[in-house]
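**Student:** Below is the sequence, then the predicted model.
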There are 2 protein chains.
Amino acid sequence: MTNDLSSYAPLYRDALLNDVIPFWQTHSIDRTHGGFFTCLNRDGSVFDTDKFIWLQARQVWTFAMLYNRLPHFPAEQRESWLATAQHGADFLQKFGQAKGANLADNPWYFSLTQDGRPLVQPYNIFSDCFATMAFGQLSLATGNEQQAQLAEGTFRQILARQNNPKGQWSKAVDGTRPLKNFALPMILCNLALEIEHLLDQSLVEQTIDQCIHEVMDVFYDPTLGLIRENVTPEGQVSDSFEGRLLNPGHAIEAMWFIMDLARRRNDRSLMERAVKITLDTLNYAWDNEFGGILYFMDAKGYPPQQLEWDQKLWWVHVETLISLLKGYRLTGNTDCLTWFGRVHDYTWAHFPDPEHGEWFGYLNRRGEVLLPLKGGKWKGCYHIPRALFQCWQLLEEK
Amino acid sequence: MTNDLSSYAPLYRDALLNDVIPFWQTHSIDRTHGGFFTCLNRDGSVFDTDKFIWLQARQVWTFAMLYNRLPHFPAEQRESWLATAQHGADFLQKFGQAKGANLADNPWYFSLTQDGRPLVQPYNIFSDCFATMAFGQLSLATGNEQQAQLAEGTFRQILARQNNPKGQWSKAVDGTRPLKNFALPMILCNLALEIEHLLDQSLVEQTIDQCIHEVMDVFYDPTLGLIRENVTPEGQVSDSFEGRLLNPGHAIEAMWFIMDLARRRNDRSLMERAVKITLDTLNYAWDNEFGGILYFMDAKGYPPQQLEWDQKLWWVHVETLISLLKGYRLTGNTDCLTWFGRVHDYTWAHFPDPEHGEWFGYLNRRGEVLLPLKGGKWKGCYHIPRALFQCWQLLEEK
């Protein structure tokens, strides 16, 4: 890995603009019922028409983000991105929300049929998180007040639900072993900045304070030197399957959210802590036998419940690339560069599909393709384009 | 594969009596809080103390079944089996059930802490199914009226819940895409015979009629030639992830339940249909590249949602051995013998642990050990000893 990072930039930029984004624009638009198809075979053909709110919203976000972040690109190209984002947003706005008992209680379904009928109840608070991101980013592009209000209102619902996110769908018996999960504070780190333009400054700062505390003090276990996926409400270790669970990709992704907050506050110590956790997690979770980053681990080395624990997933690897480049740009720590070289090589050797374009999502431990899909229930137009964009920008930084 | 099947019998008998059963008697008994540890490392040491009702009940059943089915074995050995079954039953009786709104509504929790506090709500009707099996089988051994009533009462609760088994914990929006699942009618085929001694003959016959119809006419898809895991309430195909899902191990296990019912009714045509479905499913789901039976498949060949789809699981293989031997004994179809040889060779080459005894549960597609555990959240003292027992008996039949 040389320090001439800018030589890598065209690879990331071209993959984004000439491969990944056109793939989704070509194959995912449902011109009959609106919204996006996300269950795409290797060649882009649609194999299932269900519409998952996570992925509908994430794709809206991706296209709106490109429109907002690349203001000097040709108008025709930008307008097509904005039209794609608006196409998804229209579908979401029309069909995505359940109607709650009162006007301020309109949680987002988990999934819909192709024509927008609700399939799976709003049990999953991340549907709301990604809807907030989508409408927040889109409202930046359009200035549309209704979109802005939808983002802000959904964000307030998330805050109201955050201590009992699963509500009636929780299977845990109250009180026996209460646990809180890392994913929500982690996402809120990112969400607070995403919709900063729509919130009171005091709410933004308060949310950021709370998120940094939760991620870096509560879920980070200093004895273990890693972030746990679940802890007790008091932030203590639970010696249970959930309490021992490590999700290295989650932890590493959260670190670039924290780096963004640290840069915003010009907090050098926080930057360095986030870089250290990134590197320590990578050292722990890198598969020395076959390469790549393991999906799940048990903090005591016991067998995890997740049968997919040893698989190599697209999002884990591309989020790691962002954290390493951001960490290097912020702190100059050259271990970030060494690791970037290793993860970059693994990622580009295994995930892109040289035949049909776009990237595979699910590899087995050996790095062989486990599922040939380009999109499904969980993989859509999000992690890869976001990472390609972020890495491209970071690589070009002077 | 020769026709001298009896030469295989000692292998199955000895593994059962000298390896698997002693392993669980040595390592799984919780002498402090009662019940069984099921989360056991490769060497039998306990790595987690949670108690899952499925596995508690299944282990009670296994030990009571051995007591009941081997009446000529030494009294000391049989009494130790009965004591083990009773040890688990005491724990289950004390802590296993939630108290419902009325006396007849006491569904079984999904899991408990080591000392019996409820952890996960009674969302899973199979907890009730295995509790019924456990107390039905145990009551045969003890003649205990309370145990008999617990089995019968739980069975009636299952029938009452069968059209809405998940109740309040279902995430499906009512009416959009109603589906019914194969697992419950499949288990009821077996359960009806398990507790026949406790039920009115008319309820037994009615349940059997219904189960045979559901399994062989409703879930079996004649166009596909295979059993689907989910169909519409009217028994039609749903072109969705759930509707396309195939679970070959489930289908093959159900076939020996059907063979038992066919033998009971002396229904030659039903026996032959069950054998044909067993063989057709094996032909479809056998992994020609690495050997073994795949865990999940999509009826249209699309990517399944289950990331563990290509793994080789213990229960799938040992249940298949039962169906093949039972099918051969009932019909004389020599294709069953050919397949038995192939599955027997794969199973014995990959699952037993030559170093610490008992069997591995989870192999990757190549047949390498994926998780070194002997027991966990889903693997306990059940499929392997039941299959070793059944195969031993079938191999010795004249």
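**Tutor:** Right, received. Where do you want to start?

**Student:** pLDDT wise, what is A:Ala101 at?
**Tutor:** A:Ala101 is assigned a predicted lDDT (pLDDT) of 66.

**Student:** Averaged pLDDT, the helix or strand hosting A:Ala141. What do you get?
**Tutor:** Using DSSP states H and E, A:Ala141 maps to helix A:125-142. Averaged across helix A:125-142, pLDDT comes to 98.

**Student:** Surely A:Val218 is in a strand?
**Tutor:** No - applying DSSP: H, G, I helix; E, B strand; the rest coil, one finds A:Val218 to be helix, outside a strand.

**Student:** residue contacts, the closest residue to it other than its chain neighbours?
**Tutor:** Closest residue in space to A:Val218, ignoring its immediate chain neighbours: A:Gly235 at 4.1 Å, by C-beta to C-beta, 6 or more residues apart in numbering or on different chains. Every residue, glycine included, has its C-beta placed from N, CA and C. A:Gly235 is in contact with A:Asp217, A:Val218, A:Phe219, counting by C-beta atoms under 8 Å, 6 or more residues apart in numbering or on different chains.

**Student:** Separate out the buried members of those residues.
**Tutor:** For the contacts of A:Gly235, a burial check counting by 16 or more other C-beta atoms under 10 Å in any protein chain shown picks out A:Val218, A:Phe219.

**Student:** any idea of the pLDDT on the residue nearest to A:Gly35 when sequence neighbours are not counted?
**Tutor:** Distance criterion C-beta to C-beta, 6+ apart; nearest residue to A:Gly35, sequence neighbours excluded, is A:Phe91 at 3.4 Å. What the model reports for A:Phe91 is a pLDDT of 98.

**Student:** Three-state assignment for A:Phe91, please.
**Tutor:** Per three-state DSSP, A:Phe91 ends up helix.

**Student:** which residues does A:Met216 contact?
**Tutor:** A:Ile258, A:Leu270, A:Arg273, A:Ala274.

**Student:** Tell me if A:Gly367 really is in a helix.
**Tutor:** No - going by three-state DSSP, the assignment for A:Gly367 is coil, not a helix.

**Student:** and the closest residue to it other than its chain neighbours, what is it in contact with?
**Tutor:** Closest residue in space to A:Gly367, ignoring its immediate chain neighbours: A:His350 at 4.7 Å, by C-beta to C-beta, 6+ apart. Residues in contact with A:His350 (C-beta under 8 Å, 6+ apart) are A:Gly292, A:Lys312, A:Phe360, A:Leu363, A:Gly367.

**Student:** For these, work out which two are farthest apart.
**Tutor:** Within the contacts of A:His350, A:Gly292 and A:Phe360 form the most distant pair, 12.5 Å apart (C-beta to C-beta).

**Student:** Give me the distance from the helix holding A:Ala141 to the chain's centre.
**Tutor:** 13 Å (C-alpha atoms, centre = their mean, to the nearest Å).

**Student:** Now do the next helix or strand after that helix: everything it contacts.
**Tutor:** Proceeding N to C from helix A:125-142, the next assigned helix or strand is helix A:145-161, under DSSP H and E. Under the criterion C-beta under 8 Å, 6+ apart, residues A:89, A:93, A:104-108, A:125, A:128-129, A:131-136, A:138-139, A:167, A:184, A:188, A:191, A:195, A:198-199, A:207 lie in contact with helix A:145-161.

**Student:** switch the cut-off to 6 Å
**Tutor:** A:Ile125, A:Asp128, A:Ala131, A:Thr132, A:Phe135, A:Gly136, A:Leu138, A:Ser139, A:Ile195, A:Leu198 (C-beta atoms under 6 Å, 6 or more residues apart in numbering or on different chains).

**Student:** Between the residues you listed, which sits nearest chain B?
**Tutor:** Nearest to chain B among the contacts of helix A:145-161 is A:Ile125, at 13.3 Å by C-beta to the nearest C-beta.

**Student:** okay but the closest one is in contact with A:Asn164, surely?
**Tutor:** No - checked against C-beta atoms under 6 Å, the pair A:Ile125 and A:Asn164 is beyond contact range at 9.6 Å.

**Student:** what is in contact with those two at once?
**Tutor:** By C-beta under 6 Å, 6+ apart, no residue touches both A:Ile125 and A:Asn164.

**Student:** Neighbour count: these two, which is higher?
**Tutor:** Neighbours were tallied for A:Ile125 and for A:Asn164 using other C-beta atoms under 10 Å in any protein chain shown; the higher tally belongs to A:Ile125 (21 against 11).
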